[in-house]
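> generate a structure from the sequence data that follows.
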Amino acid sequence: MILVVDDLKEFAFEKDQEVIYARTMEQAYVELINNEHLDELWLDHDMGVNEDGEEETIRPLVLILADMGFHGKPRDIDKIVICSMNPVGADWMKTTLEKYYNVKRLEL
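Model (predicted):
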């Protein structure tokens, strides 16, 4: 299964591949809790404005994933794909996660 955490973009995947889009951070946390294994996790950096009117980013989720890896218990994710158009945010995600996960940055 592929989990895409992105507030706006959609991507072309194989028709037989199960893909779930999490458009908010809340949805992303729910999907990560409910799915023990992910073939791919696609991450956007800027997640828009939440219901409280605050800008959200993927950073809290990335820090949780990195912390799990640091403690020797990374999530069961075959590949993380960074799909952000924010170059600084994308670099930060890659640097933070590549020590613990197979990370690829998609050039948009």
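
> quick one: the helices in the protein, in order.
For the chain, applying DSSP state H gives helices covering 25-34, 59-70, 87-97.

> buried sites along the second one?
By neighbour count, with 16 or more other C-beta atoms under 10 Å as the criterion, the buried positions of helix 59-70 are 61-62, 65-66, 69. For the C-beta atoms, the positions are set from N, CA and C on the backbone; glycine is no exception.

> cool, and stretch 99-108?
By 16+ other C-beta under 10 Å, the buried positions in stretch 99-108 come out as 100-101, 103, 105.

> end to end on it, go ahead and measure it.
One end of stretch 99-108 sits 23 Å from the other (C-alpha to C-alpha, to the nearest Å).

> residue contacts, C83?
For C83, the contact set (C-beta atoms under 8 Å, 6 or more residues apart in numbering) comprises 4, 6, 9, 11, 42-44, 106, 108.

> now stretch 46-56: mean pLDDT?
Stretch 46-56 shows an average pLDDT of 88 in the prediction.

> one step back: out of the contacts of C83, who's the most crowded?
Neighbour counts for those, by other C-beta atoms under 10 Å, peak at L43, which reaches 27 neighbours.

> centre-most residue in this structure?
For the chain, the residue sitting closest to the mean C-alpha position, by C-alpha atoms, centre = their mean, is L43 at 3.0 Å.

> so that one makes contact with M93?
Yes. Taking C-beta atoms under 8 Å as the definition, L43 is a contact partner of M93 at 6.1 Å.

> hey, what's in contact with both of those two?
58, 62, 82, 84.

> can you name the two of those that are farthest apart?
Spatial extent of the shared contacts of L43 and M93 (C-beta to C-beta) is set by the pair V62 and S84 at 10.9 Å.

> now for these two: what residues contact both?
Counting by C-beta under 8 Å, 6+ apart, the residues touching both V62 and S84 are 43, 93.

> re earlier: tell me which of the buried residues of stretch 99-108 is nearest to E26?
E26 has its nearest neighbour among the buried residues of stretch 99-108 in Y101, at 22.5 Å by C-beta to C-beta.
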